[in-house]
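Visitor: Curious how this folds, go ahead:
(one chain, ligands or ions: 1)
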Amino acid sequence: MNIRVYKDADSIGAAAAALFAACVTQKPDCVLGLATGSSPIPTYRKMAELYRDGAVDYSGVTTYNLDEYVGLDHAHDQSYYYFMMENLFRHINVKAENIHVLSGIAPDPEQECRDYESAIAASGGIDLQILGIGRNGHIAFNEPADSFAPVTHIVELTESTIDANKRFFASADDVPRRALTTGIGTIMKARAIVLIATGADKAEAIRAMAKGPVTPRCPASILQFHPNVTVMADEAAASLL
Ligand code: F6R
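Guide: Sure thing, here's the model as predicted:
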């Protein structure tokens, strides 16, 4: 695990966007794994800037997002699809047919999970995956559990995650209780991973991920077993290392 400490979120965004730029430049038809939440926003802003400047062409790229809330359709302004359109997709030239986000309103959510896992494999697997980390060590919506989830599946969100995400909804009661998420196994198959963390409230999760035991009680700790992980943290998030 390669841990790099930066002065602020914008410096992290520039560094992570440079990794994406390198990936797309070396392999124009690469497959990118994307996340929502606050952590990747400066990265997406910089990726859009690189497109506007003519430095990066995303026309051959395929994307897969990590997760989606159950019950929210793509037009819902708190759906992760909507988030991705607003924060990245409508600012770059990725083709609509190459964008993949799990459907929160699929009539058969289990089939939706199986189809998603198959689609990632059929695309050749993920070349570069960006991750945030929850305060409880979750990655995607893989919450602390008794075992590592191998594939895309349906999860019940924990109170800690609902509490962290309620800031985007009118109240905690409006936060969906379930989500579809790629599994720990899905994430571990990515060829390269960049995990972004900023702020003191992520410090304990970063310590447990990097220095604690590998355990499904801290899902991100599995990244100690991945051969190509870059952690980009600010000083506050890295303060317990
Ligand atoms: C989002 C996701 C989540 C977030 C995590 C951190 O697609 O998979 O695991 O990365 O909850 O969220 P932020 O970045 O908002 O602190």
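
Visitor: which residues touch the closest residue in space to Asn87 that isn't next to it in sequence?
Guide: Of all residues not flanking Asn87 in the chain, Tyr44 sits nearest, at 4.8 Å (C-beta to C-beta, 6 or more residues apart in numbering). Every residue, glycine included, has its C-beta placed from N, CA and C. The contact partners of Tyr44, by C-beta atoms under 8 Å, 6 or more residues apart in numbering, come to 13, 87-88, 91.

Visitor: got the CA positions of the lowest-mean-pLDDT helix or strand in the chain in PDB?
Guide: Every helix and strand of the chain was ranked by mean pLDDT, DSSP states H and E. The lowest is helix 159-165, at a mean of 88. Output of helix 159-165 as PDB, limited to C-alpha atoms (Å, rounded to 0.1, in the frame of the first residue of the first chain):
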ATOM      1  CA  GLU A 159     -26.900   3.600  11.300                       C
ATOM      2  CA  SER A 160     -23.400   5.100  11.000                       C
ATOM      3  CA  THR A 161     -23.600   5.300   7.200                       C
ATOM      4  CA  ILE A 162     -27.200   6.600   7.300                       C
ATOM      5  CA  ASP A 163     -26.100   9.200   9.800                       C
ATOM      6  CA  ALA A 164     -23.100  10.200   7.500                       C
ATOM      7  CA  ASN A 165     -25.300  10.500   4.400                       C
END
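
Visitor: Looking at the contacts of Tyr44, which is nearest the ligand?
Guide: Asn87 (11.4 Å; C-beta to the nearest ligand atom).

Visitor: For the closest one, grab phi and psi.
Guide: phi -90, psi -20 (degrees, to the nearest 10).

Visitor: Over to Tyr69?
Guide: Dihedral angles (degrees, to the nearest 10) for Tyr69: phi -70, psi 140.

Visitor: who in the protein is up against the ligand?
Guide: 35-39, 66-67, 132-134, 138-140 (C-beta under 6 Å from any ligand atom).

Visitor: hmm, try it at 5 Å
Guide: 35-39, 66-67, 132, 134, 140 (C-beta under 5 Å from any ligand atom).

Visitor: Surely the residue nearest to Asn87 forms part of a helix?
Guide: Yes: counting by DSSP: H, G, I helix; E, B strand; the rest coil, Tyr44 is found in a helix.

Visitor: elements contacting the longest helix along the chain?
Guide: Using DSSP state H to define each element, the chain has its longest helix at helix 9-26. Applying 3 or more C-beta pairs under 8 Å, 6 or more residues apart in numbering; DSSP states H and E, we find helix 9-26 packed against strand 2-6, strand 31-34, helix 41-52, strand 128-131, strand 192-197, strand 229-234.
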